[in-house]
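Trainee: Quick one, what's the 3D model for this:
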Amino acid sequence: MRLYVYVLQGKGLPVKDAYFVLQVGKNKSKTRVFRNNSNHVWNEEFVFRVHGNNDQQELVVSVFNHDDVDDFGSFFNGSGDLVGRVQIPVWSVAAEQNQTLPPTWFSLEKPMTGKFINMDCGKILLSLSLRTKRR
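Mentor: Numbering: from 1, shown residues only. Reported below is the predicted structural model:
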């Protein structure tokens, strides 16, 4: 099966140079970086392969403040400042009608350390869908 993740937009993010890192298991992808923009509309699609046992798998979406020091490493290693994160179990998508979660706002959890521990982290609008591989 494949998990389709649609990153639609963010609101209330405390940074203007934001990007998201999405991870399922060891597989990671990232959104483009917005620079000097408080209107965060991504409209990007990502696809992850998930296995039959959805009970153990989760989608982790983390928002980072872009760091110009290392454009390549910060994208996947998270060397930018972590702003917030949400974890979504794959089974929760599988339990939805037609295995599709319509656009839903998820509140980002505050990080345990760093600059943003005492700030509202904002929300992200996601749509998720589980589908079998097309033939």
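
Trainee: C-alpha only now, for contacts and for neighbours.
Mentor: Fine.

Trainee: Quick check, pLDDT for the nearest residue to residue 37 once chain neighbours are set aside.
Mentor: Nearest-residue entry for residue 37: residue 16, 4.9 Å, with adjacent residues in sequence omitted and distances by C-alpha to C-alpha, 6 or more residues apart in numbering. The model reports residue 16 with a pLDDT of 85.

Trainee: these two touch, right, residue 16 and residue 33?
Mentor: No. Residue 16 is beyond contact range of residue 33, at 9.5 Å (criterion: C-alpha atoms under 8 Å).

Trainee: What are the boundaries of the strands in the chain?
Mentor: 2-11, 18-24, 27-30, 41-49, 58-65, 81-89, 100-107, 123-131 (DSSP state E).

Trainee: Of all the helices and strands in the chain, which has the lowest average confidence?
Mentor: Least confident helix or strand, the chain: helix 71-77 with a mean of 47, by mean pLDDT, DSSP states H and E.

Trainee: distance of the nearest residue to residue 130 once chain neighbours are set aside from residue 42?
Mentor: Using C-alpha to C-alpha, 6+ apart and skipping the chain neighbours, the partner closest in space to residue 130 is residue 3 (4.6 Å). Distance, residue 3 to residue 42, using C-alpha to C-alpha, to the nearest Å: 18 Å.

Trainee: Next: residue 127.
Mentor: In terms of C-alpha to C-alpha, residue 127 sits 12 Å off from residue 42.

Trainee: Now the common contact residues for those two.
Mentor: When contacts are counted by C-alpha atoms under 8 Å, 6 or more residues apart in numbering, the set common to residue 127 and residue 42 consists of 7-8.

Trainee: right, and the residue nearest to residue 130 touches residue 57 too?
Mentor: No. Residue 3 is not in contact with residue 57 according to C-alpha under 8 Å; the separation is 10.8 Å.

Trainee: Out of these two, name the residue with the larger neighbour count.
Mentor: residue 3 (24 against 16; other C-alpha atoms under 10 Å).

Trainee: Perfect, I'm done here.
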